[in-house]
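>>> No sequence on hand, only this structure:
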């Protein structure tokens, strides 16, 4: 269990992207869950979008957010599977300056404990682009809860020790 000290919480601006050909604002449970978790944690929603399973639409949406110096992180849900339309990793990978490979590895380990061997189908990833953290999660609401609750929330909380991603933010553009 990560420790916290008496550091003051730092609120981040986080954008949420849903990648789906079928979800709408009314039916987007995974995007809504992530947005709720972000605000419950004390962060701000920097933007919300739903785009179709198309690598260029995904890349445009994320590129706009990583070009905005006010956006600290982007959470995406959907498009990380292995079907023909799943292309979120292919859309995001070229934008990354650095991939955080441990994210996908840890996510699959945690998911294995929850859903067994089906976890190998997840191609979730994380990385840094233009000083912005990007986390790509599966479209499943349960997977989004797992990703946020067990990995992302702790790393986007400055109070988490021994280290967290927030304390590295001033150095991301060095």
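Cool, got the structure. Please read these numbers as outputs of a predicted model, since none were measured by experiment.
>>> CA only for contacts and neighbour counts going forward, please
Fine.
>>> how far does stretch 101-118 sit from the chain's center?
On the basis of Cα atoms, centre = their mean, to the nearest Å, stretch 101-118 sits 15 Å off its chain's mean C-alpha point.
>>> any chance you could map the strands in this structure?
Ranges of strands in the chain, per DSSP state E, are 3-4, 13-19, 44-51, 73-77, 98-99, 125-129, 132-137, 160-161.
>>> Can you redo the ones you listed as JSON lines, where the extra columns are mean pLDDT?
Putting the strands of the chain into JSON lines (pLDDT from 0 to 100) gives the following:
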{"stretch": "strand 3-4", "mean pLDDT": "56"}
{"stretch": "strand 13-19", "mean pLDDT": "97"}
{"stretch": "strand 44-51", "mean pLDDT": "97"}
{"stretch": "strand 73-77", "mean pLDDT": "97"}
{"stretch": "strand 98-99", "mean pLDDT": "96"}
{"stretch": "strand 125-129", "mean pLDDT": "96"}
{"stretch": "strand 132-137", "mean pLDDT": "97"}
{"stretch": "strand 160-161", "mean pLDDT": "94"}
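>>> any chance of the ones you listed in JSON lines, with distance to residue 65 too?
As requested, the strands of the chain are exported to JSON lines (distance: least, Cα to Cα, whole Å):
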{"stretch": "strand 3-4", "distance to residue 65": "30"}
{"stretch": "strand 13-19", "distance to residue 65": "7"}
{"stretch": "strand 44-51", "distance to residue 65": "8"}
{"stretch": "strand 73-77", "distance to residue 65": "7"}
{"stretch": "strand 98-99", "distance to residue 65": "17"}
{"stretch": "strand 125-129", "distance to residue 65": "10"}
{"stretch": "strand 132-137", "distance to residue 65": "8"}
{"stretch": "strand 160-161", "distance to residue 65": "25"}
